[in-house]
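Peer 1: Build the 3D model from these lines:
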Amino acid sequence: MSNKDELEKIRSQIDTIDESILELVNQRSLLAKETANLKKSTDIYKPEREAKIIRNLISLNEGPLLKEQVISIFNEIISSCRSLEKELKVSYLGPEGTFSEEAVKEVFGSSVTKSSAITIEEAISAVSEGNSNYAIVPIENSTEGPVNITLDCLYASDLKICGEIEMSIQHNLLAKDLALPKTDLEIHAHEQTLSQCKNWLDDYCPNIKRVAVSSNAQAAKNAKENSGILAIAGSLASEKYGLEIYGSGKLEKEFIRDCLPVNSVGLSSDEFCSYIDFIADRRLNGIGLDVLNPGLENPFPWLAETMDVKKEQNFFEGRVTEYQKSSALSEVSDDEL
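Peer 2: Numbers count the residues shown, from 1 in each chain. Predicted coordinates for the structure are as follows:
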């Protein structure tokens, strides 16, 4: 069988599986609508039930899908089925691109009606006044502690906390263009973010003016409109407002492409760019942070064997190790490369 015939056979199998998945998802949707009719409560969002479903699916997963991919797929399936029961309106601290908006997607999926609020008070008031079913607001973070304005608003209302989500917050330094003007720069961010990033800013941007704004997403909007403004915000804000992320490896990748305009055997610019991402993920994992490219494999395993080898502490032993490496390389014929 030729490669083309084999490819067509595999594609046909994928099509058949997709049709089965669609049929099963529609069956699930019908069952979800039936449960809505049997429920006495009008509250269709049950975080404890949904969390139980996800935990069970994770325990059954044998791969190759990663845990994060399973969560993402079934969050959207649950969200779509829930929307057939009732339209959910969720308010969050806006504008678009905030971590609160990211939390809305992680909790409720995409099949909800989102409403951005200018302030935390406005987001909570939207629920109190019946304009939204739920509000997503920050309540605590690991560096600055409780978000007092949220606690004050909850104390003054009759609303209750019905669920929570823990998010790993990664701040990025964003700019409209990596080629920044040399003078009159400003860094914009929410005051709490500026406080969280104070030590880093003191070390790397000590002379740049810092401006507190209503949200990190607002800072991103300001950066989009003015090339002299840097913003501290999440990756979602970068995507929403078309901003570049400092430290994302883009400059390094451009340098690699300039150095390797023509691909060679076993060493292409695309592979080297993947290697940059792989090293970045390894370092993030080493300090306990989430990786940026889940499942990315090292495109240069032979390079890892050379770079990661443990060298002896003794100077003379180290020299012998280097000598042995050179000797081994010199014995390889051209036919074996």
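Peer 1: quick check, I187 in a helix?
Peer 2: No - counting by DSSP: H, G, I helix; E, B strand; the rest coil, I187 falls outside a helix, being strand.
Peer 1: and it, how many neighbours?
Peer 2: Residue crowding around I187 was assessed by other Cβ atoms under 10 Å; the count is 22. Backbone N, C-alpha and C define where each C-beta goes, glycine included.
Peer 1: and it, what is it in contact with?
Peer 2: With contacts taken as Cβ atoms under 8 Å, 6 or more residues apart in numbering, I187 has the following neighbours: L173, L194, L201, C205, I208, K209, R210, V211, I229, L230, A231, I232.
Peer 1: And the residues you listed, which of them are buried?
Peer 2: L173, L194, L201, R210, I229, L230, A231, I232 (16 or more other Cβ atoms under 10 Å).
Peer 1: So which of those residues sit within strands?
Peer 2: The strands, defined by DSSP state E, take in L173, R210, I229, L230, A231, I232 from the buried ones among the contacts of I187.
Peer 1: is it possible to export those to JSON lines including distance to R282 and pLDDT?
Peer 2: Putting those into JSON lines (distance: Cβ to Cβ, whole Å; pLDDT from 0 to 100) gives the following:
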{"residue": "L173", "distance to R282": "22", "pLDDT": "86"}
{"residue": "R210", "distance to R282": "32", "pLDDT": "93"}
{"residue": "I229", "distance to R282": "33", "pLDDT": "89"}
{"residue": "L230", "distance to R282": "27", "pLDDT": "90"}
{"residue": "A231", "distance to R282": "28", "pLDDT": "91"}
{"residue": "I232", "distance to R282": "25", "pLDDT": "91"}
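Peer 1: Just the closest of these to E186, please.
Peer 2: I229 (5.2 Å; Cβ to Cβ).
Peer 1: wait, doesn't the closest one sit right on D184?
Peer 2: No - assessed by Cβ atoms under 8 Å, I229 is found out of contact with D184, at 9.7 Å.
Peer 1: Which parts of the stretch 101-250 of the chain are strands?
Peer 2: 113-117, 134-136, 140-141, 145-146, 172-175, 186-190, 209-213, 229-233, 244-245 (DSSP state E, counting those that start in this stretch).
Peer 1: contacting residues around the fourth one?
Peer 2: If you take Cβ under 8 Å, 6+ apart as the criterion, strand 145-146 is touched by I139, E140.
Peer 1: Give me the buried positions along the helix or strand containing A280.
Peer 2: Using DSSP states H and E, A280 sits in helix 269-286. For helix 269-286, a neighbour-count test (16+ other Cβ under 10 Å) marks S269, F272, C273, S274, Y275, I276, D277, F278, A280, D281 as buried.
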